Each structure stands twice: as structure tokens, then as C-alpha cells.
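Asker: Below are the sequence and a predicted model for it; my questions follow.
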Amino acid sequence: QVQLLESGGGLVQTGGSLRLSCAASGRTFSSYVMSWYRQAQGKERGFVAAIDSAGGTTNYADSMKGRFTISRDNGKNTVYLQMNYLKPEDTAVYYCKAMYGFNEPYWGQGTQVTVSS
């Protein structure tokens, strides 16, 4: 069982930055592939970024490349999402996901990011 708790969301102006954190419980955090997803109001949840268990490989949705950076600290059981050059269309609830193999993933409760124009 893994519990995920996101933090770091808030209100920021266009062009600003935020860093989201997702703290995980449990002793097997380093075994999980960690991802960030987001869901804007009235839209489906979509992929943002992912990082492998060791932190050596990352993957991003095209619209986030060059602006967002995913990282993890396995010693702190935490994954981060650094978001720069934020745009109003980045406004959404951001969710953290933990996945191990083909098992059912774990999700956090989400953190709201609002970018004002």
C-alpha cells in the first residue's frame, strides 16, 4: 500500500514558476515509476511527465517539454515537478501517480494550480 500526498500548488501569474511535491509513504518508493497527470475543469485527466524508479529516465508530454522538469529523491520518498514559464492553459488539478509493473496504480488527491493571465 502506498499513500501519496501532493503539495505546492497555488496561484501564480503567467510566466511564473511553481514546484510541486508528492510525498509517498511506504518502504518501496524506489521501486515505483512515478508520474504526474493533470485534469483541467471539464476535461479528461492527461499525462504530464514520468520518471523511472532510479530517476535516470524521464518522459514528458510535448506541451511540457522545456518548461517542466520531473525529478525524484528516493531517500526522501518524494517526486517533484518543477514548472516554469507557466501559462493559463496549465491551470488544472495536478495528480501524482505511483505504478509498479502491471499492478493497479496509486493516486494522490491532487493539488490545484491556477495560472492567471
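Answerer: Nice, thanks for sending it over.
Asker: Any buried residues in stretch 68-86, and which?
Answerer: F68, T69, I70, R72, N74, N77, T78, V79, Y80, L81, M83, L86 (16 or more other C-beta atoms under 10 Å). Backbone N, C-alpha and C define where each C-beta goes, glycine included.
Asker: between these, which is closest to S30?
Answerer: N74 (4.1 Å; C-beta to C-beta).
Asker: Model confidence for that closest one, exactly?
Answerer: N74 is assigned 95 on the pLDDT scale.
Asker: Who are the contact partners of it?
Answerer: By C-beta atoms under 8 Å, 6 or more residues apart in numbering, the residues touching N74 are F29, S30, A54, G55.
Asker: Can you say which of those are buried?
Answerer: Among the contacts of N74, those buried by neighbour count (16+ other C-beta under 10 Å) are F29.
Asker: Among the contacts of N74, name the ones in helices.
Answerer: Using DSSP state H, the subset of those located in helices is empty.
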